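> Below: sequence and its predicted model.
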Amino acid sequence: MQENTTSKEKILKKVRQALIFKQKARFANIDLDSNLYTQPPQEELVIETFAKNLIDLKGQFVFCTNRFDCIDKLITLLEQRKWRHLFCWEEELQFLLKDSGISFVEKSGVIEKVQASITSCEALIARTGSVLVSSKKNSRELTIYPPVHIVIANSSQLVMEIKDGLQILKNRYGKNIPSMVSFISGPSRTSDIEKTLVIGAHGPKELFVFLIDDTKHE
């Protein structure tokens, strides 16, 4: 009587055989670790790379020479847009805003009124122009729900590659990696079957990154 063998069993049999009878690698000298991209030689070029890629993704880049310059430019933006419901839930940023006289909402119960949010980030990725955020450092709601997301970051948080950003998370949290890790690459956007681009479909319509140069003493 012929034995009936399912497709799944045939595949598993081949996998077992491959594990038992391993073949020697045909190309043993392939370098899988070296970076494929050329690296900018100077820090200024890394900043320029991030700014260009962020702008290409329809994000808005604001370079600040120090914290005071950041506050001046932030106040100018708030006055231009006439935002009255600015949300900020991170303690360090709250101190910065309070010292500058910028009013904000620090309660989560009225999130539906938000016009713009301010958060920090885990890192900035120059190669992709992305902002790396997590649930431990940054609020889930304030990186997704508001129509405008403002990120305040330091130049020391800027890395070239995604793997460098992930290494920062590993060094910072060890085995306790945050439950939510996200790379924000410009405003939220999507397109339907007719390739009609929609901005802000699943998140903020605008993304601002205020980058403070913290390489020099204020």
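Structure's in. What do you need?
> So which residues of the chain form helices?
Remark: helices assigned in the chain by DSSP state H are 7-20, 43-56, 67-81, 91-99, 140-144, 162-173.
> Mean pLDDT lowest where, among those helices?
When the helices of the chain are compared by mean pLDDT, helix 7-20 comes last with a mean of 86.
> Other residues contacting it?
By C-beta atoms under 8 Å, 6 or more residues apart in numbering, no residue outside helix 7-20 reaches it. Yep, even glycine has a C-beta here, placed from its N, CA and C like the rest.
> buried set for stretch 75-92?
Buried residues in stretch 75-92, defined by neighbour count with 16 or more other C-beta atoms under 10 Å: 77-78, 83, 85-90.
> one step back: now the helices of the chain as CSV including distance to residue 212?
Formatted as CSV, these follow (distance: least, C-beta to C-beta, whole Å):
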stretch, distance to residue 212
helix 7-20, 52
helix 43-56, 11
helix 67-81, 5
helix 91-99, 10
helix 140-144, 19
helix 162-173, 18
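> circling back: any chance of the buried residues of stretch 75-92 in a markdown table, plus distance to residue 102?
Shown next, in a markdown table, are those (distance: C-beta to C-beta, whole Å):
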| residue | distance to residue 102 |
| --- | --- |
| 77 | 11 |
| 78 | 7 |
| 83 | 10 |
| 85 | 13 |
| 86 | 7 |
| 87 | 12 |
| 88 | 9 |
| 89 | 14 |
| 90 | 14 |
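> Now the two most distant members of those.
Of all pairs drawn from these, the greatest distance, 19.4 Å, lies between 77 and 89 (C-beta to C-beta).
> List the contacts of residue 186.
Neighbour list for residue 186: 54, 57-59, 129, 207 [criterion: C-beta under 8 Å, 6+ apart].
> Repeat the analysis, applying 10 Å as the threshold.
Neighbouring residues of residue 186 by C-beta atoms under 10 Å, 6 or more residues apart in numbering: 53-60, 128-131, 199, 204, 206-207.
> so which of those residues is the most crowded?
residue 131 (29 neighbours; other C-beta atoms under 10 Å).
> Quick check: closest non-adjacent residue to it.
residue 184 (4.3 Å; C-beta to C-beta, 6 or more residues apart in numbering).
> from memory that neighbour sits against residue 121, does it?
Yes - between residue 184 and residue 121 a contact is recorded at 8.2 Å, counting by C-beta atoms under 10 Å.
> shared neighbours of those two, anything?
Between them, residue 184 and residue 121 share these contacting residues under C-beta under 10 Å, 6+ apart: 130-133, 138, 143, 151, 209.
> for those, which one is nearest residue 169?
Residue 169 has its nearest neighbour among the shared contacts of residue 184 and residue 121 in residue 132, at 7.6 Å by C-beta to C-beta.
> circling back to that earlier point, more neighbours: which of residue 184 and residue 121?
Taking neighbours as other C-beta under 10 Å, residue 184 and residue 121 compare with residue 184 leading, 26 against 21.
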